[in-house]
Structures are given as structure tokens and as C-alpha cells.
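Undergrad: quick one, fold the following:
(one chain, ligands or ions: 1)
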Amino acid sequence: MVYENVIVETKGHVGLITLNRPKALNALSSALVAELGQALDAFEADDEIGAIVITGSEKAFAAGADIKEMSAKSFTDCYLGNFITKGWEAVTKVRKPVIAAVAGFALGGGCEVAMMCDFILAGDNAKFGQPEITLGIIPGAGGTQRLTRFVGKSKAMEMVLTGRLIDATEAERCGLVSRVVPTAELLDEALKVAERIASMGRVATLAAKECVNKAYETTLAEGVQFERRLFHALFATEDQKEGMAAFAEKRQPNFKNR
Ligand code: CAA
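TA: Model (predicted):
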């Protein structure tokens, strides 16, 4: 597969996807979004890969959907073409953990793609925002829903209604990002965290991700029940036996993903 808008690399057991349209601040054109989906599918299918990092450049993770590409679209084009659905939601379908390593601008669809990832590590120059209102539209890739769940109604409403950008410090304070690191160290740190995740037993890792995501979709009682069932199920894996034996023997576990 030849990619023109993303760079796809393997780093140990981590799949790294770098959004790469520097002249357009990684604006998410349909071609870029399609390639992102293909790269994610390929890493999902690769048994050697245990976690995925999506990043951009130091200046921009992504400055949103491609405004020039969509400006002439009609309602009918958007509706019949199912705009922002095909390809865009690929990140949410991946079962392996996906980390967004965000430096610079993560705006509009860029912020929304970052929020589709399992967590966001931010460089200290990161800026997040949903400026769609300034273009006469609203967020269309889940921003009104995911941002509200991350930061609460008050801040989400202010950001969505005014288009105000927030910096990395504010993003960490309100729970949008898990951590802020110096931008120069962002990619190394993201790869280190991803490699650590990839070193865990895959069955437990996927189960953990599924359980945390369930918290968004169900009641507390049902979510806890769901967690309990998967917790019980993990006692059927070789990795559980290995993990607990390694603890007792004071050594590192050697997980086989079985
Ligand atoms: N789409 C297309 N091109 C974009 C773009 C976008 N979202 N964002 C930036 N670019 C292009 C600019 O047009 C410019 O190209 P030219 O050199 O050919 O003119 C190039 O990238 C560099 O951008 P700027 O000169 O504007 O750079 P800057 O440093 O002065 O400003 C910025 C940076 C504040 C991010 C500014 O580019 C900006 O406001 N971009 C648009 C952000 C935005 O509104 N995003 C939301 C898009 S709508 C959306 O995403 C819908 C959805 O929910 C899915």
C-alpha cells in the first residue's frame, strides 16, 4: 500500500501513523481519512502490533476537516455521501489501544479524531478547539458529544459556541488529555507508553479497553456487571496464570497473548 497523506511505520510492537499534509496543517481531506482507515486496519490485522500511535507534526496534529474540499458541498452531497461517517469513524472501530500524540493545533475534526483515540498525550504547545461555529457549521465528527463527556457541559458549551481554543495546560486541567509533556519529547513518550501497553497480555488489554469504553454507553450497574464477567473470563487465559506466577517468582511476565 502506498500512502500519500500519512506516514506509516512500525516501531517494535507499536504501529505509528503520522498525519502528513504539512502544507494544509494536516487538514483531514477525504484521501487522508481513507488512508488513516487503511493504516489502522493493517495494524489491527497485524499480530505483532499491540498498540497504535497517531500523531501529526510539531505545528499541527490536524487543523480540522479540509475546508477547501467541503466548502462547495450541498446538503444532498453531505447526506447521500454520508459525509464524516465513512472512514472517519475507523479509529473508534479499532480494538487495539490507540494513543493520540498531539502537538500544535488539534482543531475541529482534528480534535474530534484525537478524542476518538483511547487517550491523548499532549505536547506543551498543543491547542485544542472546535471552531466550526466560526465557519457557519457545528462539529460533525462527534465533537459536541465526546468533548462534553471529557470536559463537562459548561466548558464544552463555551468552546463549541465561541470556537475558543484551549492550551495544553487547560486541556489537562479539564481532563481532555491524560498528560502534558514537552513537545520535543512527545513522540518518544507516546511510543514508550504504547510499547508498555503492547507488552501486556493482549486479551486483558482488549478487555480493559472494552470495559472502560462501556462506561460511556451504559448504566453503572450494567457496566460493573460487564466488567465482572470479563474479569472472570480472564482467569481462563494462560496470561493470567503467567502474570500471577511471575509476580510470585519476582520476575517479569512473559505474556503469550493466549
Ligand atoms: N482545511 C483546509 N486547509 C487548511 C485548514 C483546514 N481545516 N487549516 C489550515 N489550512 C491551510 C490554510 O488554508 C493554509 O493554506 P495556504 O497556505 O494554501 O493558504 C495552510 O493550511 C496554513 O494555514 P494558515 O496560513 O491559516 O496557518 P496559521 O498558522 O496562520 O493559522 C490555524 C493556523 C489557526 C490552524 C488556521 O489555519 C485555521 O484557523 N484553520 C482552520 C481551523 C478550523 O476551522 N477547523 C475546523 C474545520 S471544520 C471541521 O473540522 C468539521 C468537523 O467537525 C469534521
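Undergrad: alpha carbons only: can I get stretch 126-134 in CSV?
TA: Extracted C-alpha coordinates of stretch 126-134, given in CSV (Å, rounded to 0.1, in the frame of the first residue of the first chain):
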residue,chain,number,x,y,z
ALA,A,126,-0.9,21.8,21.9
LYS,A,127,-4.1,23.8,21.2
PHE,A,128,-7.5,22.2,21.1
GLY,A,129,-10.7,23.6,19.9
GLN,A,130,-14.0,23.2,18.0
PRO,A,131,-14.0,26.4,15.8
GLU,A,132,-16.7,25.1,13.4
ILE,A,133,-19.2,27.8,14.6
THR,A,134,-16.9,30.4,13.0
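Undergrad: list the contacts of the residue of the stretch 101-250 of the chain at minimum distance from the ligand.
TA: Proximity of the stretch 101-250 of the chain to the ligand (C-beta to the nearest ligand atom) peaks at residue 108, 2.5 Å away. Every residue, glycine included, has its C-beta placed from N, CA and C. Contacts for residue 108 (C-beta atoms under 8 Å, 6 or more residues apart in numbering) come out as 63, 64, 65, 129, 130, 131, 132, 139, 141, 143.
Undergrad: from the residues you listed, which is closest to residue 52?
TA: Nearest to residue 52 among these is residue 141, at 18.5 Å by C-beta to C-beta.
Undergrad: where does the closest one land in three-state SS?
TA: Classification of residue 141 by DSSP: H, G, I helix; E, B strand; the rest coil places it in coil.
Undergrad: need the nearest residue in space to it, chain neighbours excluded.
TA: Nearest residue to residue 141, sequence neighbours excluded (C-beta to C-beta, 6 or more residues apart in numbering): residue 112, at 3.7 Å.
Undergrad: residue 257 now?
TA: Residue 257's closest residue in space is residue 202 (C-beta to C-beta, 6+ apart), at 3.9 Å.
Undergrad: wait, isn't that neighbour in contact with residue 237?
TA: No: contact status for residue 202 versus residue 237: not in contact, 9.6 Å apart, counting by C-beta atoms under 8 Å.
Undergrad: residue numbers of the stretch 101-250 of the chain in contact with the ligand?
TA: Contacts of the stretch 101-250 of the chain with the ligand, taken as C-beta under 6 Å from any ligand atom, map to 105, 107, 108, 109, 112, 131, 132, 135, 139, 140, 141, 143.
Undergrad: same thing but at 5 Å, please
TA: Contact residues (C-beta under 5 Å from any ligand atom) of the stretch 101-250 of the chain with the ligand: 105, 107, 108, 109, 131, 132, 139, 140, 141.
Undergrad: pLDDT score for the fourth one?
TA: Per-residue confidence for residue 109 comes out at a pLDDT of 98.
Undergrad: just checking, the residue nearest to residue 141 touches residue 139?
TA: Yes: between residue 112 and residue 139 there is a contact at 6.3 Å, judged by C-beta under 8 Å.
Undergrad: how far is stretch 213-220 from where the chain is centred?
TA: 18 Å (C-alpha atoms, centre = their mean, to the nearest Å).
Undergrad: average pLDDT for it, rounded please.
TA: Mean predicted lDDT for stretch 213-220 stands at 96.
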